[in-house]
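> with the input below, show me the fold.
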Amino acid sequence: MNSTIEISIVSPVYKAENIIDKLVERIIEAVSKLTDSFEIILVEDNGPDNSWKKIKENCAKYPFVKGIKLSKNCGQQHALQAGLDASKGNYVITMDCDLQDQPEEIYKLLNKAKEGYEIVAASRENRKDDFIKKLASKWFYAVLSYLTETNQDNTVANFVCYNRKAVEAMKLIGDSNRYYPMLQQLVGFNYAKVSIQHAEREDGKSSYSMKKRLKLAINTILTFSDKPLRLTVKIGVLLSFLSVLAALTLVIMYLLGDYRTDGWASLALLLSFFSGAIISVLGMVGLYVGKIFESVKSRPTYIINETIN
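Numbering: from 1, shown residues only. Predicted structure coming up:
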């Protein structure tokens, strides 16, 4: 292989011991048709199975396969970050390890990137996921788009081609929360999509549970948007207006002699409502303060335990 690396393939690995061999073989077969100068970077996100053992076997077999083992489970986006940081290729392809992203379609992304696009994402046609997962994904991206005021596409995931300029630009963004669909928009480079066929999952189940998706959404919203805070201000103004309106209504009813309500039920209800609203606002502010506290500590987003090749 040449000293200059043309293409880097980065794939986060978690609980994928049964498909790593096939993943590597299919990547080699597909990419070797495009160039003889490439590397495969497999980032093992400290899973509970024997994925790292399988990665070591492939690293011993192929010198252009690089293994990175993280010291703890950091999540898919930080595993992607570790792979991107280690990559050396002029073009970097990121893809999931479950082979739903098919290596045979890498050429589509690469050809489009060579037309002058810094970032090219794969748009999945006819997603091979169950109805619940597709519905959850649709709602996840809809809420994320609204609260971050960006255009999040639920057909796009981690199958993306970056040129070297885009990779280096994303490194400069120092946010501890690494959500690459958002970072792609922040760097502002030429962006394109190409249609690909989404395959059936080769083995096991997705580790992206609803709980993990919700956590990812909350962290992303808190990192990249202040819209929730602006919404709470609007809600506060609206509640104040309604309170004044209710007070005026009670005064008018009293003057007209129509006010007959006895006891403290209405007052208790109002107090409970506004107390809940105040606590919610304080909670929202607390979340943002927590994210600021987390950022100023400047802790590394991932720590590498072992590397091979």
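
> got the residue ranges for the strands in the stretch 101-250 of the chain?
119-125, 156-163, 191-197 (DSSP state E, counting those that start in this stretch).

> please identify which of those strands is closest to Ile106.
strand 156-163 (7.7 Å; Cβ to Cβ). All C-beta spots, glycine's among them, are computed from the backbone N, C-alpha and C.

> return the most buried member of the strands of the stretch 101-250 of the chain.
Counting by mean count of other Cβ atoms under 10 Å, strand 156-163 has the highest mean neighbour count of the strands of the stretch 101-250 of the chain, with a mean of 24.

> show me what that one is packed up against.
Judged by 3 or more Cβ pairs under 8 Å, 6 or more residues apart in numbering; DSSP states H and E, the packing partners of strand 156-163 are helix 76-86, strand 91-94, helix 106-113, strand 119-125, helix 180-187.

> 10 Å instead, please
Using 3 or more Cβ pairs under 10 Å, 6 or more residues apart in numbering; DSSP states H and E, the elements in contact with strand 156-163 are strand 7-13, helix 76-86, strand 91-94, helix 106-113, strand 119-125, helix 164-172, helix 180-187, strand 191-197.

> tabulate the CA atom coordinates of the shortest one in PDB.
Listed in PDB are the C-alpha atoms of strand 91-94, where the atom choice follows Å, rounded to 0.1, in the frame of the first residue of the first chain:
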ATOM      1  CA  TYR A  91     -11.400  10.800   2.600                       C
ATOM      2  CA  VAL A  92     -13.000   9.300   5.700                       C
ATOM      3  CA  ILE A  93     -16.000   7.000   5.500                       C
ATOM      4  CA  THR A  94     -17.900   6.400   8.700                       C
END
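
> adding distance to Phe38 and mean pLDDT, write the strands of the stretch 101-250 of the chain out as TSV.
Converted to TSV, these look like this (distance: least, Cβ to Cβ, whole Å; pLDDT from 0 to 100):
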stretch	distance to Phe38	mean pLDDT
strand 119-125	17	91
strand 156-163	13	94
strand 191-197	19	94
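
> turn these into CSV, columns for distance to Thr4.
Shown next, in CSV, are these (distance: least, Cβ to Cβ, whole Å):
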stretch, distance to Thr4
strand 119-125, 21
strand 156-163, 14
strand 191-197, 25
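
> of the ones you listed, which is nearest Leu282?
strand 156-163 (35.5 Å).

> any idea of the angle the closest one forms with helix 76-86?
With axes from the mean of the first three to the mean of the last three Cα atoms, to 10 degrees as the basis, strand 156-163 and helix 76-86 are set at 10 degrees to each other.

> returning to that earlier point: out of the strands of the stretch 101-250 of the chain, the one nearest Leu242 is which?
So among the strands of the stretch 101-250 of the chain, strand 156-163 is nearest, using Cβ to Cβ, at 40.8 Å.

> nearest spatial neighbour of the spatially most central residue of the chain, skipping sequence neighbours?
Against the mean C-alpha coordinate of the chain, by Cα atoms, centre = their mean, the closest residue is Tyr179 at 3.9 Å. The shortest distance from Tyr179 to any non-neighbouring residue, by Cβ to Cβ, 6 or more residues apart in numbering, is to Thr220 (4.6 Å).

> re the thing from before, so which of the helices and strands packed on strand 156-163 gets nearest Gly257?
Among the helices and strands packed on strand 156-163, helix 180-187 sits nearest to Gly257 (Cβ to Cβ), with 59.4 Å.

> which other helices and strands contact that closest one?
Secondary elements touching helix 180-187 (3+ Cβ pairs under 10 Å, 6+ apart): helix 76-86, strand 119-125, helix 131-148, strand 156-163, helix 164-172, helix 210-224.

> out of those, which is the most enclosed?
By mean count of other Cβ under 10 Å, those have strand 156-163 as the most buried, with a mean of 24.

> re earlier: wait, what's in contact with the residue nearest to the centre of the chain?
Counting by Cβ atoms under 10 Å, 6 or more residues apart in numbering, Tyr179 touches 77, 80, 144, 148, 152, 186, 216-217, 219-221, 223-224.
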